[in-house]
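fold the following and give me the result.
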Amino acid sequence: MHLKTLFHLAVAATVALGSSSALAQSAAEPAYGPELQGFDYPYPVEHYRFSSQGQELDMAYLDVKPATPNGQTAVLLHGKNFCAATWDGTIKALSGAGYRVIAIDQIGFCKSSKPERYQFTFQQLAGNSRALLASLGIAHAIMVGHSTGGMLAMRYALMYPEATDQLVLVDPIGLEDWKAKGVPWLSLDGWMQRETRVTADSIRAYERATYYADTWDASYETWVQMLAGMYRGPGRAAVASSSARLYDMIATQPVFYEFEQIKPPTLLFVGDKDTPPRSARTPRRRRSARRSAIIRCWARRPRSGFRMRS
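Residues are numbered from 1 along each chain as shown. Just a heads-up that it's a prediction; the model follows:
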């Protein structure tokens, strides 16, 4: 990994998920459509329309081109409780350093389709992402994933190693197998029941404890209302259904046992308020230091453990 590239990625990753004055919105209680209609993104939203599992789908994404290109592309994969817009600070940092930046809203999330009867798997989401990039003529890229997006980035790198220049994981979940650790199984009906109880207050409490280490800044409210607004809107049933199936995907599809098979150079960021599971610290579960690195940095990032918002 080139030192200059590593520096740019390090700077950009520590910017992610912080405040964004350009996105500051009223702390009132807005209602958004099922595809986040009414919530503005910091860059023009593009759309990739395709057919999958017998359904016509629309995957939203941001494509930000730098003023002075360095010839490299960074693809940003959001976490479970965030969207492409949340990467605003990272997009600014990377595009300013010459990277073309693609930030994707995965199917089932944010401004993308919420299809019923869709089987969510990390393989399917990785395949969707690869098809989107191929449609843009992008043969290979640096894959950057945060939280659940980190699990997806790992699956992408396993499926498409030749298309993954480097893998950057920002406090990813999936560094352990929750089933093996004794996390109780929850049925899809159980996830749906949890989704019926989602409110702005429950989202805020979860994010404060899980993402911001029990601290809070008024700018974080943007992301609370971004999610809560979809649950207040006319498409709340579709939003809840997709979210429940995505939680089931996260809980039942570990990537833990395939770490050694990841081929691209990998950079793991862990916030200093986080503690990586033993799997990320022991040599048996890590590749050679020449090809992987762990950087501890001050950042408000989610803890690696498996906690679900109720």
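
residues contacting residue 157?
Residue 157 is in contact with 143, 164, 167, 262, 263, 264, 266, counting by CB atoms under 8 Å, 6 or more residues apart in numbering. For the C-beta atoms, the positions are set from N, CA and C on the backbone; glycine is no exception.

can you flag the buried ones in these?
For the contacts of residue 157, a burial check counting by 16 or more other CB atoms under 10 Å picks out 143, 164, 167, 262, 264, 266.

how about the fifth one: what's its closest non-neighbour residue?
Translated: residue 264. If the residues on either side of it in the chain are set aside, residue 264 comes closest to residue 164, at 4.4 Å by CB to CB, 6 or more residues apart in numbering.

which strand residues bridge that neighbour?
residue 141 (DSSP bridges).

on that earlier part again, just give me the closest of the contacts of residue 157 to residue 225.
For the contacts of residue 157, the closest approach to residue 225 (CB to CB) belongs to residue 143, at 28.9 Å.

surely the closest one is within a helix?
No: counting by DSSP: H, G, I helix; E, B strand; the rest coil, residue 143 is not found in a helix; it is strand.

my guess is it contacts residue 151, does it?
No: Residue 143 lies out of contact with residue 151 (CB atoms under 8 Å); the separation is 11.8 Å.

okay, residue 246 and residue 220: tell me how far apart.
Separation of residue 246 from residue 220 (CB to CB, to the nearest Å): 22 Å.

check residue 169 too.
22 Å.

those two - which one has more neighbours?
The neighbour count for residue 169 versus residue 220, taken as other CB atoms under 10 Å, is higher for residue 169 (29 against 18).

let me see the contact set for that one.
With CB under 8 Å, 6+ apart, residue 169 has these contacts: 145, 150, 153, 154, 266, 267, 268, 269.

once you drop chain neighbours, what's closest to it?
residue 150 (4.4 Å).

neighbours around the one you found, how many?
28.

okay, which residue is most central for this structure?
Geometric centre of the chain, nearest residue: residue 78, 2.0 Å, by CA atoms, centre = their mean.

please name the residues that touch that residue.
84, 86-87, 103-106, 109-110, 146-149.

among those residues, which lie within strands?
103, 104, 146 (DSSP state E).

return the member of those residues nearest to residue 63.
Using CB to CB, the ones in strands among the contacts of residue 78 come closest to residue 63 at residue 103, 8.3 Å.

distance of that closest one relative to residue 151?
In terms of CB to CB, residue 103 sits 17 Å off from residue 151.

share the number of residues neighbouring residue 91, please.
25.

wait, doesn't residue 135 sit right on residue 46?
No: in this structure, residue 135 is not within contact of residue 46 by CB under 8 Å, at 10.3 Å.
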